[in-house]
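Asks: sequence and predicted model, in that order:
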Amino acid sequence: MLTATGRDRPGIVAAVTRVLLDLGVNLEDAEMAILRGHFAIVLILSAPDELGEAQLREELQAVGRELPLEAVTLSAVEQLAGGSPEPTHAISVYGADHPGIVHGVAEALARHEVNVVDLSTRVVGDDPIYVMLLDVALPPSLDNAALDELLARVGQELGVDVSARVLDRDVL
Amino acid sequence: MAAREVLRYPHPSLKQRCEPIAPGDELDRVSRDLLDTMRSFRGCVGLAAPQIDELVRVIVVDVSEHKKATTSHGLLVLANPVVVETSGDELGREGCLSIPDLTANVRRATWTRVEAVLPAGETVTIESDGFEARALLHELDHLDGILFLDRIASRADLFARKRYA
């Protein structure tokens, strides 16, 4: 698994993938994000057997210094069966900004074995409002009504508005 | 008759369920204020009573000047509107004067039939599609304290924006 972070500018993905291509490394899944001008990318790579980890690391560090990037990390990870759980619900959380919103919601979800599959937050405005969007996977033990009840409770505790809807699959 | 202040989230009035209203002086006053307030924002195509802190079921919609509109009934001032039927769905970009710093892609029906009462007391049925249907459904949501943030399907659908108001 490769992660890279730095100040965003054109050419980061091109430079990093150039190194990978030259070394015969295959890209599996990748996600990137830009937060307030800072860039982050996470990639799962599959490297050919003959390529040493040290060489890959060294070449990535070199391109990281050139660009420059703030950090490049490389770690060997196990191939996991199953991959990510399929999200079942989308949740919106929003309210006047104050510390503890993400933690309060995440902890309530964790307590009920709800898996957060995707999370993104934004703070906007002069009187800042905080918006958090989550995709979650519900365990079989929790139904829609139980989720709504759980979210209503946590919303009230945190003084934020929370709503959830079932993620529908488009069937073609 | 006056343009009123538009409440911004997190004002609690924006999360309330609004009360039905009968034709009469109060409906006339709220309708006129809603209309004047909508007209005071260039490009504004709709407004709901709770946005001006009137917790009654009244909306105004006018998409006639909007380039995205395929159907337009001109100015609509509707009391106690109810969605009777919808069909289709598509993603479309929405903003809201009450949440001026965000826009989002929101999935809504492409066609709807709405029943409502006009300020004069007559009951009407309106069938609309496309952008006007979206505007009607967005404003109707306000009457139940539902904001477009409650209808975002995915995190990729939320966008920060420069203020337009």
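Replies: Received, thanks. Numbering: from 1, shown residues only, chains lettered A, B, ... in the order given.
Asks: how about the contacts made by residue 150?
Replies: With no chain named, the answer covers chain A. A:108-109, A:112, A:142 (CB atoms under 8 Å, 6 or more residues apart in numbering or on different chains). From N, CA and C alone the C-beta is placed, and that goes for glycine too.
Asks: switch to chain B, that's the one I care about
Replies: Contacts of B:D150 by CB under 8 Å, 6+ apart are A:92, A:161, A:163, A:165, B:141.
Asks: that older thread, between the contacts of A:L150, which is nearest chain B?
Replies: Closest approach to chain B among the contacts of A:L150 (CB to the nearest CB): A:L109, at 15.8 Å.
Asks: count of residues packed around the closest one?
Replies: 21 (other CB atoms under 10 Å in any protein chain shown).
Asks: do the same with A:S120
Replies: Around A:S120 there are 15 residues (other CB under 10 Å).
Asks: pairing partners for the longest strand seen in chain B, with directions?
Replies: Using DSSP state E, we find that the single longest strand of chain B is strand B:76-87. Strand pairing for strand B:76-87, determined by DSSP bridges: strand B:58-61 (antiparallel), strand B:111-117 (antiparallel).
Asks: pLDDT of the very next helix or strand once past that strand, averaged?
Replies: From strand B:76-87 onward toward the C-terminus, using DSSP states H and E, the following helix or strand is strand B:90-94. Strand B:90-94 carries an average pLDDT of 93.
Asks: hmm, who's touching strand B:90-94?
Replies: Residues outside strand B:90-94 that contact it (CB under 8 Å, 6+ apart) are B:103-108, B:110, B:131, B:134, B:138, B:148, B:153, B:157, B:159.
Asks: most widely separated two among these?
Replies: Greatest spacing in these, by CB to CB: B:T110 and B:F159 (21.8 Å).
Asks: pick out whichever of those two has more residues nearby.
Replies: B:T110 (17 against 13).
Asks: phi, psi of that one?
Replies: Main-chain dihedrals, B:T110, degrees, to the nearest 10: phi -90, psi -10.
Asks: how about B:V6?
Replies: phi -90, psi 120.
Asks: try B:S128
Replies: Torsion angles, degrees, to the nearest 10, at B:S128: phi -150, psi 160.
Asks: so it makes contact with B:H73?
Replies: Yes. Here B:S128 reaches B:H73: they are 6.7 Å apart, a contact under CB atoms under 8 Å.
Asks: quick check: A:D126 vs A:H38, distance?
Replies: Using CB to CB, to the nearest Å, A:D126 is found at 23 Å from A:H38.
Asks: more neighbours, these two?
Replies: A:H38 (12 against 9).
Asks: which residue is nearest the centroid of chain B?
Replies: By CA atoms, centre = their mean, the mean C-alpha position of chain B lies nearest to B:E139, the distance being 2.0 Å.
Asks: what's the following helix or strand after the helix ranked longest in chain B?
Replies: Looking across chain B with DSSP state H, the single longest helix is helix B:25-39. The C-terminal neighbour of helix B:25-39 among helices and strands, as given by DSSP H and E, is strand B:46-48.
Asks: let me see the mean pLDDT of that following strand.
Replies: Mean per-residue pLDDT for strand B:46-48: 98.
Asks: kindly report the same for stretch B:13-29.
Replies: Per-residue scores along stretch B:13-29 average to 97.
Asks: who's in contact with it?
Replies: A:161, B:7, B:30, B:49-51, B:53, B:55-58, B:79-80, B:98, B:117, B:119-121, B:142-145, B:147.
Asks: endpoint to endpoint, it covers what distance?
Replies: Distance between the boundary residues of stretch B:13-29 (CA to CA, to the nearest Å) amounts to 19 Å.
Asks: that one: which residues count as buried?
Replies: Within stretch B:13-29, the residues that count as buried by 16 or more other CB atoms under 10 Å in any protein chain shown are B:13-15, B:18, B:21, B:27.
Asks: how about the residues of chain B near chain A?
Replies: B:8-10, B:15, B:99-102, B:146-147, B:149-155, B:158, B:160 (CB under 8 Å from any CB of the partner chain).
Asks: point out where chain A drops to low pLDDT.
Replies: Scanning chain A with the threshold set as pLDDT under 70 gives A:169-172.
Asks: helix or strand with the lowest mean pLDDT in chain B?
Replies: strand B:158-160 (a mean of 84; mean pLDDT, DSSP states H and E).
Asks: which helices and strands sit right next to that strand?
Replies: strand A:115-124, strand B:102-108 (3 or more CB pairs under 8 Å, 6 or more residues apart in numbering or on different chains; DSSP states H and E).
Asks: return the most buried member of those.
Replies: Burial of the helices and strands packed on strand B:158-160 is given as mean neighbour count (mean count of other CB atoms under 10 Å in any protein chain shown); strand B:102-108 ranks first at a mean of 21.
Asks: what packs against it?
Replies: For strand B:102-108, the elements it packs on are strand B:90-94, helix B:130-142, strand B:158-160, judged by 3+ CB pairs under 8 Å, 6+ apart.
Asks: residues contacting the most centrally placed residue in chain A?
Replies: The residue lying closest to the centre of chain A (CA atoms, centre = their mean) is A:D118, at 5.7 Å. By CB under 8 Å, 6+ apart, the contact set of A:D118 is A:87, A:133-135, B:154-155.
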